[in-house]
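Enquirer: following is a predicted model, sequence given first.
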Amino acid sequence: MTELGNIILETRDLTKHYGGVHALEGADFTLRKGEHVAIMGDNGAGKSTFVRQITGVEQKTRGDIIFDGKPVNFTGPLDAREAGIEAVFQTLALADHLDVPDNLFLGREKTKWNWLGPFRRLDYKSMREDTLEALQKTGVKIPNIRNTIQNMSGGQRQCVAIARTATFHSKLTIMDEPTAALGVQETAQVENIIRTLKEQGEPLILISHNMRQVFDLMDRVVVFRRGRICANLDIRNEDITGEDVVAYITGAKTQPEYEDAA
Ligand SMILES: Nc1ncnc2c1ncn2[C@@H]1O[C@H](COP(=O)(O)OP(=O)(O)OP(=O)(O)O)[C@@H](O)[C@H]1O
């Protein structure tokens, strides 16, 4: 039995309709503190819709979201970030016209006392140093961090967003296919960041199509099919294989408790 205090995120009957499209229907989901959970499912299964509701990118049609013990109704992604949810999305919330340090510290700028007056001023030097250190963790090479984000590749942008996640300790990190646009080396580095988050006890939701990655890194898989959750699998249990997960994704199998989803 899970203690309530142990739960960082819970959704009850979370539902999103776009007109007649039932993209997400009745999702009951629980994430414990420190737990790393993968969300898997075919294209169009409702995975991104689910995380868009949790991160305030969109407003739910129905249902409840309880984050860190309190019901929440985020009005936008910044609202969710302020509450402690850091998200890395396919379509990234980076500011194109700003350089890397400005993006990393957007909304959390470092300041220092101005010797010449009673005001604090932005501490660019310290932000640049922290940015270089954070990027080093992702392994991505960005020739000049003072360049604006708009001229960077998809992979470089992704790494900036991940570096932001690794820099600021959040209560919950959500990554939507974080390595889809990355090369082999950068993928390995991002996976190391995910391992570090695990060691630090920071909970994570990862949307991924990569079975190897999920089995290497995650504790549990929640499978979505046609907008509904159809399986909740403890993959630390050695009886569950990649073939089982595929069977739930394709609809060849459904867990008895989710039979309504079939
Ligand atoms: N803004 C929208 N308006 C109308 N329909 C939408 C909208 N966003 C998503 N959908 C539909 O909702 C369903 C779920 O989409 P969603 O993007 O959540 O799937 P997904 O599981 O994340 O897929 P993928 O793996 O391809 O990213 C799909 O049928 C999609 O076409």
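Expert: Thanks, I have the structure now.
Enquirer: only C-alpha atoms from now on, for both contacts and neighbour counts.
Expert: Noted.
Enquirer: need the residue closest to the centroid of the protein.
Expert: residue 174 (1.3 Å; Cα atoms, centre = their mean).
Enquirer: what helix or strand does that residue sit in?
Expert: strand 172-176 (DSSP states H and E).
Enquirer: rounded mean pLDDT for that strand, please.
Expert: Across strand 172-176, the average pLDDT comes to 93.
Enquirer: show me the beta-bridge partners of the residue nearest to residue 65 when sequence neighbours are not counted.
Expert: Excluding the flanking residues, the one nearest residue 65 by Cα to Cα, 6 or more residues apart in numbering is residue 11, at 4.6 Å. The partner list for residue 11 in beta bridges (DSSP bridges) reads residue 29, residue 65.
Enquirer: is residue 11 in contact with residue 69, as I believe?
Expert: No - using Cα atoms under 8 Å, residue 11 is not in contact with residue 69; the gap is 11.5 Å.
Enquirer: so which of the two has more stuff around it?
Expert: Set residue 11 next to residue 69 and count neighbours by other Cα atoms under 10 Å: residue 11 wins out with 20 against 14.
Enquirer: list the contacts of that one.
Expert: Listed by Cα atoms under 8 Å, 6 or more residues apart in numbering, the contact partners of residue 11 are 27, 28, 29, 30, 63, 64, 65, 66.
Enquirer: that's a helix at the first one, yeah?
Expert: Going back to what we said before, that points to residue 27. No - checked against DSSP: H, G, I helix; E, B strand; the rest coil, residue 27 lies outside a helix; its state is strand.
Enquirer: list the contacts of it.
Expert: Residue 27 touches 11, 12, 13, 14, 15, 228, 229, counting by Cα under 8 Å, 6+ apart.
Enquirer: can you list which of those residues are found in strands?
Expert: Among the contacts of residue 27, the members falling in strands are 11, 12, 13, 14, 15, 228, 229 (criterion: DSSP state E).
Enquirer: could you find the closest non-adjacent residue to the one residue in the stretch 101-250 of the chain that gets nearest to the ligand?
Expert: Scanning the stretch 101-250 of the chain for the residue nearest the ligand gives residue 227, at 6.5 Å (criterion: Cα to the nearest ligand atom). Spatial nearest neighbour of residue 227, excluding adjacent residues (Cα to Cα, 6+ apart): residue 24 at 4.1 Å.
Enquirer: from the ligand, how far out is the residue nearest to residue 65?
Expert: Using Cα to the nearest ligand atom, to the nearest Å, one gets 16 Å for the distance from residue 11 to the ligand.
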